[in-house]
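>>> sequence unknown, structure follows:
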């Protein structure tokens, strides 16, 4: 049986997940370790308080929508049109494990083309401008979408649950990983090591530097988990590898002292 019997239960789960993952990232990188690692920040400046407030406000709206879509699909008669299954043995073990990479590949493809379409001049203000108010994003920006975009972002749930057999474990892991990678993409720091963007495997993986460039320059780097589509379609920024190495190679201004962020007027 689907664990969240009501929309309120699902809303609580998604809210807690957002504040736990984004909140822990913010606490570590923007509070506890801020002065020690500020020299490694992708964009040296920090967002202002009003930016954090805007990101959290729109994320809360997104959470309401993210809870409503699966509730509408699984807690109503619409469920008969889905392939959601309750018993773990209802499908083979090989499919249970294969479903995970398939879900992420499908999601990355859906996200790339949806995201790229939203950058069309006629669609940008209707769907995507709120997210791009965070030109220097923080972890709180991971769900900061205007309602119209949030509905399309949630559309991946409808596609997945209708096109392939999925168990509650699939959904739990999928949305947990999605949240973690979204927070990483908006973190403001790069966690992968130097040389990763040119590694035979790493060149196909999206990074925080890659997505930070998208927020800073508004064009190119449209992927979510992977860079398959960006590289295939020629939409990856030409300076991506160079910027990745610059960020990875940064050293403290003084090796014996903590880097202190310059005071900037709010």
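Yes, it's here. None of these values were measured; they are calculated from a predicted model.
>>> which helices and strands sit right next to the helix or strand hosting residue 102?
Secondary structure assignment for residue 102, by DSSP states H and E: helix 93-118. Here helix 93-118 touches helix 121-127, helix 147-163, helix 168-185, helix 228-233, going by 3 or more C-beta pairs under 8 Å, 6 or more residues apart in numbering; DSSP states H and E. C-beta here means a position set from N, CA and C on the backbone, and glycine is covered the same way.
>>> would you turn the ones you listed into JSON lines with mean neighbour count?
Converted to JSON lines, the helices and strands packed on helix 93-118 look like this (neighbours: other C-beta atoms under 10 Å):
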{"stretch": "helix 121-127", "mean neighbour count": "12"}
{"stretch": "helix 147-163", "mean neighbour count": "18"}
{"stretch": "helix 168-185", "mean neighbour count": "18"}
{"stretch": "helix 228-233", "mean neighbour count": "16"}
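>>> Can you add mean pLDDT and distance to residue 22 and give these back as a markdown table?
As requested, these are arranged in a markdown table below (pLDDT from 0 to 100; distance: least, C-beta to C-beta, whole Å):
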| stretch | mean pLDDT | distance to residue 22 |
| --- | --- | --- |
| helix 121-127 | 96 | 22 |
| helix 147-163 | 97 | 16 |
| helix 168-185 | 96 | 5 |
| helix 228-233 | 97 | 25 |
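>>> Okay, buried residues for stretch 197-211 please.
Neighbour counts over stretch 197-211 (16 or more other C-beta atoms under 10 Å) mark 197, 205, 206, 207, 208, 209, 210, 211 as buried.
>>> Go through those residues and say which is closest to residue 156.
residue 206 (16.0 Å; C-beta to C-beta).
>>> What is the burial count for the closest residue to that closest one other than its chain neighbours?
Closest residue to residue 206 apart from its sequence neighbours, by C-beta to C-beta, 6 or more residues apart in numbering: residue 223 at 4.9 Å. Neighbourhood size, residue 223 [other C-beta atoms under 10 Å]: 27.
>>> Quick check: residue 223 touching residue 111?
Yes: assessed by C-beta atoms under 8 Å, residue 223 is found in contact with residue 111 at 7.3 Å.
>>> got JSON lines for the buried residues of stretch 197-211, with pLDDT, distance to residue 177 and secondary structure too?
JSON lines is the format used below for the buried residues of stretch 197-211 (pLDDT from 0 to 100; distance: C-beta to C-beta, whole Å; DSSP: H, G, I helix; E, B strand; the rest coil):
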{"residue": "197", "pLDDT": "96", "distance to residue 177": "21", "secondary structure": "helix"}
{"residue": "205", "pLDDT": "98", "distance to residue 177": "13", "secondary structure": "strand"}
{"residue": "206", "pLDDT": "98", "distance to residue 177": "13", "secondary structure": "coil"}
{"residue": "207", "pLDDT": "98", "distance to residue 177": "16", "secondary structure": "coil"}
{"residue": "208", "pLDDT": "98", "distance to residue 177": "16", "secondary structure": "helix"}
{"residue": "209", "pLDDT": "98", "distance to residue 177": "20", "secondary structure": "helix"}
{"residue": "210", "pLDDT": "98", "distance to residue 177": "18", "secondary structure": "helix"}
{"residue": "211", "pLDDT": "98", "distance to residue 177": "16", "secondary structure": "helix"}
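>>> Find the pair from those residues with maximum spatial separation.
Farthest pair in these, by C-beta to C-beta: 197 and 211, 12.5 Å.
>>> Spit out the residues that contact those two alike.
Counting by C-beta atoms under 8 Å, 6 or more residues apart in numbering, residue 197 and residue 211 have no shared contacts at all.
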